[in-house]
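could you look at this predicted model? Sequence included:
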Amino acid sequence: MSHSEEENLQDHLQEDIVKEALASGQDLREYSKQVEVELASCEQASIQDYISQAGNIAQLHTQISSCDGILARMENLLLSFQTDLGSISSEILTLQQESVDMNLRLKNRQSVRGELSQFVDDLVVTEQLITTIMETPVSEQQFLEQLQVLDHKIEFLKEQSFREARAAQDVKDVLEKLKIKAVAKIREYFLLKINQFKKPLANYQIPQNAMLRFKFYFQFLQKVNREVASEVREEYIDTMSKIMFSYFKSYSGRLAKLQFEESASREDLLGAEESQSKGFFFKPSLKNKTTVFSVGSRDEVLSAELEAPIIVPHAQQKTDQRYPHEMLFRSVQYALVDNACREFLFISEFFMLDTNTAQELFNNIFGKTLSVLVKQADSFISDSFDCLSVFLCIHLVQRYQLLCHKRCVGGLDRYWENLNGVLWPRLSNVMQMNIVSVREFDTTRRRPADVRPHYSTRRYAEFSAAMVGINETFPHEQMNRLLAMLQEEVEGLILRLASQFPTRKEQLLFLINNYDLVMSIVIERTKDDSKESETFREQLKTRSEEFVSLVLENHFGHLIQWSKEAERKLDAGDLEGLRAEEKRVSNIIGDFSRDWKKSLDSINGEILSSFPNLKLGTSLLQQALTTLVQYYHRFSRVLGVAPLSQIAATAQLINIHQLMVEVKRYKPNF
């Protein structure tokens, strides 16, 4: 038996029927015969079933044959319908193609019609256009509208002429004549408006506004006739240049008559001598002279008055009112800013210029005017000794330059630079004169009369506070350097003046009074952290401490001196040296117990009477009494250490709380 036969046998043995037969123990031959008999029986039964259903089967065959005939006819109908649909689809495709072709022809005809219609409209000169250009006044809105139509037709004609369109030749002559007529009418209109500027007392801004309304007219001139456009522009420049020059020359001249009759001179320098007829406390009439060292309300020109209405000369002359130079300077510069900014924006818009070309045209209009204003400023500044006025003018220049930039006008930048070129050198020169006057102050010939603040110190305090206050908003490093130099000279002058007093106490009183005056005025009118206030605060603190020590030395010198010596011995562990001080310390205790209240009264009267500033005197008194309490506490602490604690005289010592209660009696009520 082959291997494959063995595998086949094994597969049959795994079948359920074989397994069941083997398991039952039957004879397979008998079982096979039994199966064959059963199959034959089933076959006979099946044949009998077919014979019994023969009629039904025949009927079924007939029905099936009938259905086949019907389905065949349906197939023929569907095939015929399919053929018809194919022919319809071909017709639809044909119609669709014809529709596309017709649509394309329609679009082409419409496109040609639109372009041809637009071409005819752009080229035809209507009767309305001719009538309006020939007869309607230039100032009418209808003329402006038809001029825009004419401008378009002229441009279109140029374009078609390059393409050699024959129809362009038919209207060329008509458009040329209309162009010539329009140019003539526009030229006449502009020259008439510009001529209106020249009329006396005329407000040139009114005809300017009319010109700006019809700025298209100038644009039209630029396109079709540059010579006429140039003529109009040159006439405008020449006219406006003369108007601006005449106005500002006349206006600044009339304003000059409103200035204070008296002005600062060399006698108004910080170190100048104070005469009886023209002393520091002499107050001239405000109608005749402005303040020299104090700013007062003059700095309002940089704030509330910066953009206030300009001064009207003829109205002020009726009231006989007078002004400081910076107010007149402000009025001229603000008038210039208003007129120049408006003019710069007008020429940029009307003449359609870029920034550089507008600047060139602006210089042609304002060149002479700006030169005159710079010369006038130089003429006054060259003789001025009023640093406040010059410095206020510098800040006005800076603020008006920023105002011009906010209005997007840079046309005056060169003018502002020229003004600064005039103002700064003069300010530096006069500041140097003030510095030299302080340096050369003759303290031996002009000794201070008493310990109250010197007039030169008061001048400096007012002047420095004014300059620092002005300089705070827009700081200038150059001014900071000049003020530092001046401060150094003033500090030296105060020390030289103090050295004229014979005693150290008088010297300290003079120094403290002068330092306090400067610091008080500077702090009141500037920021508390300014360099000037910080410097004099340190000086005042140092001199105050020295003065307090000097006053206490005069009344309690032995107690203070012994306390310092005893503390040194105690720190060194020299107890024997302390024991040897018994007699000396007993005398000190006795003197203090006997005179301490009287000494406090004496100190109170001495300090308060020495300072004209009650607040300063009270502050120094409190500082002196506080220092005394501290020394007495140190004195008592040393006496509490053996062997000094056994001294009998310590029983006379007053309690420190008793001293503090007495000191509180001198505390101010404000």
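The structure has been received and is ready for your questions.

residues in contact with stretch 359-376?
By Cβ atoms under 8 Å, 6 or more residues apart in numbering, the surrounding residues in contact with stretch 359-376 are 233, 237, 240-241, 244-245, 248-249, 252, 332, 336, 340, 343-344, 347, 351, 353, 410-412, 415, 418-419, 422. All C-beta atoms are positioned from the backbone trio N, CA, C, and that covers glycine.

for ChimeraX, write the select line for the buried members of these.
In ChimeraX, a selection of the buried entries from these looks like this (16 or more other Cβ atoms under 10 Å):
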select :233,237,240,241,244,245,248,252,332,336,340,343,344,347,351,353,411,412,415,418,419,422
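
report how many residues lie close to Ala58.
Residues contacting Ala58 under the criterion other Cβ atoms under 10 Å number 10.

host element of it?
Following DSSP states H and E, one finds Ala58 within helix 54-123.

I'd like to know which elements that helix is packed against.
Helices and strands touching helix 54-123, as assessed by 3 or more Cβ pairs under 8 Å, 6 or more residues apart in numbering; DSSP states H and E, comprise helix 141-162, helix 167-196.

just want the angle from the next helix or strand after the last one to helix 167-196.
Reading on from helix 167-196 to the C-terminus, the next helix or strand found by DSSP H and E is helix 205-213. Relative orientation of helix 205-213 versus helix 167-196 (axes from the mean of the first three to the mean of the last three Cα atoms, to 10 degrees): 170 degrees.

list the buried ones in helix 205-213?
Pro207, Gln208, Met211.

ok, now stretch 542-560?
Using 16+ other Cβ under 10 Å as the test for burial, stretch 542-560 gives Arg543, Ser544, Glu546, Phe547, Val548, Leu550, Val551, Leu552, His555, Phe556, Leu559, Ile560.

my guess is the first one contacts Ile512. True?
When you say that, I think you mean Arg543. Yes: taking Cβ atoms under 8 Å as the definition, Arg543 is a contact partner of Ile512 at 5.0 Å.

mind listing the shared neighbours of those two?
By Cβ under 8 Å, 6+ apart, no residue touches both Arg543 and Ile512.

shaky segments in the stretch 151-300 of the chain?
161-168, 170, 201-202, 275-290 (pLDDT under 70).

now with 90?
151-179, 196-212, 224, 253-300 (pLDDT under 90).

and the pLDDT for the residue lying closest to Ser499 once chain neighbours are set aside?
Counting by Cβ to Cβ, 6 or more residues apart in numbering, Gln507 is the residue found nearest to Ser499 once chain neighbours are left out, at 6.9 Å. Per-residue confidence at Gln507 stands at 92 (pLDDT).

so which of the buried residues of stretch 542-560 belong to helices?
Arg543, Ser544, Glu546, Phe547, Val548, Leu550, Val551, Leu552, His555, Phe556, Leu559, Ile560 (DSSP state H).

from what I can see the third one touches Leu509, true?
No: the pair Glu546 and Leu509 fails to qualify as a contact (Cβ under 8 Å) at a distance of 11.0 Å.

follow-up on the earlier one: surely the residue nearest to Ser499 and Arg496 touch.
No: counting by Cβ under 8 Å, Gln507 does not reach Arg496; the two are 11.0 Å apart.

tell me which of the two has more neighbours.
Higher neighbour count among Gln507 and Arg496: Gln507, with 20 against 13, using other Cβ under 10 Å.

and the more buried one, what element?
For Gln507, the enclosing helix or strand under DSSP H and E is helix 504-525.

for that helix, buried residues please.
Buried residues in helix 504-525, defined by neighbour count with 16+ other Cβ under 10 Å: 505-523, 525.

repeat for stretch 367-377
Buried, per 16+ other Cβ under 10 Å, within stretch 367-377: Thr369, Leu370, Val372, Leu373, Gln376, Ala377.

quick one: residues contacting Val638.
Residues counted as contacts of Val638 (Cβ under 8 Å, 6+ apart) are Ser563, Ala566, Glu567, Leu570, Leu644.

wait, which of the buried residues of helix 205-213 is closest to Glu491?
Gln208 (58.6 Å; Cβ to Cβ).

now that closest one: how far from Leu144?
According to Cβ to Cβ, to the nearest Å, Gln208 stands 17 Å off from Leu144.

residues touching Tyr400, list them.
For Tyr400, the contact set (Cβ under 8 Å, 6+ apart) comprises Gln333, Tyr334, Val337, Leu412, Trp416.

how about a cut-off of 6 Å?
Going by Cβ atoms under 6 Å, 6 or more residues apart in numbering, Tyr400 touches Gln333, Val337.

which of the helices or strands spans it?
Using DSSP H and E, Tyr400 maps to helix 387-406.

the helices in the stretch 401-550 of the chain, which residues?
Ranges of helices within the stretch 401-550 of the chain are 413-439, 455-473, 477-498, 504-525, 531-572, based on DSSP state H, counting those that start in this stretch.

now the first one: mean pLDDT?
Right, helix 413-439. What helix 413-439 shows for mean pLDDT is 93.

report all helices and strands that it contacts.
helix 355-381, helix 387-406, helix 477-498 (3 or more Cβ pairs under 6 Å, 6 or more residues apart in numbering; DSSP states H and E).

report the buried residues of that helix.
Using 16+ other Cβ under 10 Å as the test for burial, helix 413-439 gives 415-416, 418-420, 422-424, 426-428, 430-431, 433-435, 437-438.

repeat that for the third one.
By 16+ other Cβ under 10 Å, the buried positions in helix 477-498 come out as 479, 482-483, 485-487, 489-491, 493-494, 497-498.

can I get those in CSV with distance to Arg637?
Formatted as CSV, those follow (distance: Cβ to Cβ, whole Å):
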residue, distance to Arg637
Met479, 53
Leu482, 53
Leu483, 48
Met485, 49
Leu486, 48
Gln487, 43
Glu489, 47
Val490, 44
Glu491, 40
Leu493, 45
Ile494, 39
Leu497, 42
Ala498, 37
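
between the residues you listed, which is nearest Val138?
In terms of Cβ to Cβ, no member of the buried residues of helix 477-498 lies closer to Val138 than Met479, at 56.5 Å.

burial measure for the residue nearest to that closest one when sequence neighbours are not counted, as a count.
Closest residue in space to Met479, ignoring its immediate chain neighbours: Asn471 at 5.2 Å, by Cβ to Cβ, 6+ apart. By the criterion of other Cβ under 10 Å, Asn471 has 20 neighbours.

could you measure Asn471 against Arg459, distance?
Counting by Cβ to Cβ - Asn471 and Arg459 are separated by 18 Å.

now Leu486
Taking Cβ to Cβ, one finds Leu486 at 11 Å from Arg459.

counting neighbours, what do you get for Pro612?
Neighbour count of Pro612, defined by other Cβ under 10 Å: 14.

from Asp601, how far off is it?
Counting by Cβ to Cβ, the gap from Pro612 to Asp601 is 21 Å.

and for Ile88?
As judged by Cβ to Cβ, Ile88 and Asp601 stand 137 Å apart.

over to Val138?
The spacing between Val138 and Asp601, counted by Cβ to Cβ, is 98 Å.

and the two? Which one has more around it.
Taking other Cβ under 10 Å, Val138 and Asp601 do not tie; Val138 has more neighbours (18 against 11).
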